[in-house]
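>>> sequence unknown, structure follows:
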Ligand SMILES: [Ca+2]
């Protein structure tokens, strides 16, 4: 009986936490664990200049694991180029670390092949930090047909992300030749305002 009550309470708690949670931003998906360890979604008014931001917030006092807010989109014209993803992130009481990542894949049916991947493991975001722009550069192989990008938070704390952008860089220099943010079938809702 005790166990039944305990599991009911756990269920009720997860339901309440879920019900009180942030809405999933359009075009994005989230990984919060099962049962959820993080509240992930849009934090209204918490973004740059009072706009909206994507957020990942821990909801348990101790967490062995990560929460992520991610998006998958067609690689399109990014394929075959060196690209730069920039994005803003702010953090509060991040005990382990947080970062952006960028992944080029080849998706065939249900099978995804990882072609190129980069994150910020060499410069992770820790503790409490104000809005800062970060960048990740990746050479996207020509055979890549999808990109998977996002932010993750490991352990407890909260992060906010806003205004992500993708640019194709010229092969020899790191000069921007094209801003691909607005391209058809490209990434969407990178500022969390949709
Ligand atoms: Ca915003």
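Yep, it's here. These numbers were taken from a predicted model, which means no experiment stands behind them. Numbering: from 1, shown residues only.

>>> And the helices in this structure, which stretches?
Using DSSP state H, the helices assigned to the chain run over residues 2-19.

>>> Determine the set of other helices and strands touching the lengthiest strand in it.
When the chain is parsed with DSSP state E, its longest strand is strand 82-108. Identification of packing neighbours for strand 82-108 by 3 or more Cβ pairs under 8 Å, 6 or more residues apart in numbering; DSSP states H and E yields strand 111-119, strand 125-139, strand 146-154, strand 158-169. Glycine gets a C-beta too; all of them are placed from N, C-alpha and C.

>>> Could you save these as CSV and add columns showing mean pLDDT?
Shown next, in CSV, are the helices and strands packed on strand 82-108 (pLDDT from 0 to 100):
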stretch, mean pLDDT
strand 111-119, 96
strand 125-139, 98
strand 146-154, 96
strand 158-169, 96
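
>>> do you know which of those strands lies nearest the ion?
Between the ion and these, the tightest spacing by Cβ to the ion is seen for strand 158-169, at 4.3 Å.

>>> Next, the angle strand 125-139 makes with that closest one.
Here strand 158-169 runs at an angle of 20 degrees relative to strand 125-139 (axes from the mean of the first three to the mean of the last three Cα atoms, to 10 degrees).
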